[in-house]
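# what shape does this take:
(one chain, ligands or ions: 1)
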Amino acid sequence: MSAAVELRGVSKVYGSGPTEVHALREVDLTVRTGELVAVMGPSGSGKSTLLTIAGTLEEPTAGDVVIAGQEVARRSRNDRARLRRQTIGYVFQNYNLLAGLTAVENVALPLELDGVRVKAARAAAMDVLDRLGLAERATRYPDELSGGESQRVAIARAVVGDRQVLLADEPTGALDSLSGEAVMRMLRQAGHDGVATVMVTHDAQMASWADRVVFLRDGRAVDQTAPGPGPESLLTPGANA
Ligand SMILES: Nc1ncnc2c1ncn2[C@@H]1O[C@H](COP(=O)(O)OP(=O)(O)OP(=O)(O)O)[C@@H](O)[C@H]1O
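Coordinates of the predicted model:
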């Protein structure tokens, strides 16, 4: 499997002098196509920083970021923006769905913003919703969806257009455990469809769905659990425990 996301010796320093904060220190991380990696660690250990740098939203102070084989720092600002739009999807704890749009309209929006015609964008959005078992929710508005359904629509929106990288910040944080499991099942399904996912979580139960868990402490990746036996056996949580 090829690497979808690579961080090579990535460091991030905020501020300078006495206010300097080393948010990341020489972090190496490779996430392969279809792989689900959980990132855990105490508050302030650098988890969100890792996600924003992997998502090309911020630049590292040192080191390289390679997304889908493209070295980000070597790309022009425009190329980077295109890479971000077309390759990377984001999922947040609070879903961030637009209240005035139906589920399918929310999912189609990134494609429409990227210049895809409305009809084609809606068709692609329906296809993703269908693949993820949400077809019957397509015409509902966010306030007609449960928290779990909203988060699954947010995941559909993040992978529409065959984006290869999914970055999720506490995607199950606001959900009860059943809804959280449905979301994790969907992230695994996205992996089967070839999406590489990096997920920040505080929840060990949710992390048990991952192929690997990376622990951050004071900006260093201090431990990585061994890869599990393979994604097939991970469709049920704890299968690799
Ligand atoms: N824009 C910024 N300016 C200055 N310092 C920052 C900035 N962003 C993060 N930091 C600092 O970098 C360190 C890592 O922060 P980060 O948000 O990545 O941690 P985290 O592990 O995601 O924490 P939490 O679990 O609380 O969200 C912290 O000390 C934080 O205060």
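# the closest residue to residue 98 other than its chain neighbours: neighbouring residues, count only.
Spatial nearest neighbour of residue 98, excluding adjacent residues (Cβ to Cβ, 6 or more residues apart in numbering): residue 106 at 5.8 Å. The C-beta positions use only the backbone N, C-alpha and C, and glycine is treated the same way. By the criterion of other Cβ atoms under 10 Å, residue 106 has 26 neighbours.
# so residue 106 is in contact with residue 157, correct?
Yes. Residue 106 lies in contact with residue 157 (Cβ atoms under 8 Å); the separation is 5.6 Å.
# can you pull the phi and psi angles for the residue positioned nearest the centre of the chain?
Central residue of the chain (Cα atoms, centre = their mean): residue 167, 1.7 Å from the mean position. Main-chain dihedrals, residue 167, degrees, to the nearest 10: phi -120, psi 120.
# that one against residue 57, yeah?
No. Contact criterion Cβ under 8 Å: residue 167 and residue 57 do not qualify, at 9.2 Å.
# what residues are up against residue 164?
Neighbouring residues of residue 164 by Cβ atoms under 8 Å, 6 or more residues apart in numbering: 4, 33, 68, 87, 88, 194, 195, 196.
# so among those, which ones count as buried?
4, 33, 68, 87, 88, 195, 196 (16 or more other Cβ atoms under 10 Å).
# nearest to the ligand, of the contacts of residue 164?
residue 88 (17.8 Å; Cβ to the nearest ligand atom).
# for the closest one, give the beta-bridge partners.
residue 165 (DSSP bridges).
# residues contacting it?
55, 56, 67, 163, 164, 165, 166, 167.
# hey, which helix is longest across this protein?
helix 177-192 (DSSP state H).
# I'd like the next helix or strand past that helix.
The helix or strand immediately downstream of helix 177-192 is strand 196-200, counting by DSSP states H and E.
# which secondary structure elements does that following strand contact?
strand 3-14, strand 21-32, strand 36-40, helix 47-54, strand 165-169, helix 177-192 (3 or more Cβ pairs under 8 Å, 6 or more residues apart in numbering; DSSP states H and E).
# quickly, which of these bottoms out on average pLDDT?
Lowest mean pLDDT within the helices and strands packed on strand 196-200: helix 177-192, at a mean of 89.
# helix, strand or coil: sort out the closest residue to residue 138 other than its chain neighbours for me.
Closest residue to residue 138 apart from its sequence neighbours, by Cβ to Cβ, 6+ apart: residue 104 at 4.1 Å. What DSSP: H, G, I helix; E, B strand; the rest coil gives for residue 104 is helix.
# burial of residue 104, as a residue count?
24.
# now do the contacts for it.
If a contact means Cβ under 8 Å, 6+ apart, then residue 104 has 122, 125, 126, 129, 138, 139 as its contacts.
# cool, residue 217 as well?
By Cβ under 8 Å, 6+ apart, the contact set of residue 217 is 41, 42, 45.
# any idea what it is bridged to?
residue 220.
# one more: residue 14?
residue 21.
# would you check how far apart it and the ligand are?
As for residue 14, its distance to the ligand is 3 Å (criterion: Cβ to the nearest ligand atom, to the nearest Å).
# renumber starting at 551 from here on
Sure, I'll start counting at 551 from here, so that last one is residue 564.
# and residue 765, that one's in a helix?
No. Using three-state DSSP, the assignment for residue 765 is strand, not a helix.
# the ligand contacts on the chain?
Within the chain, the positions lying close to the ligand (Cβ under 6 Å from any ligand atom) are 564, 565, 571, 573, 591, 593, 594, 595, 596, 597, 598, 599.
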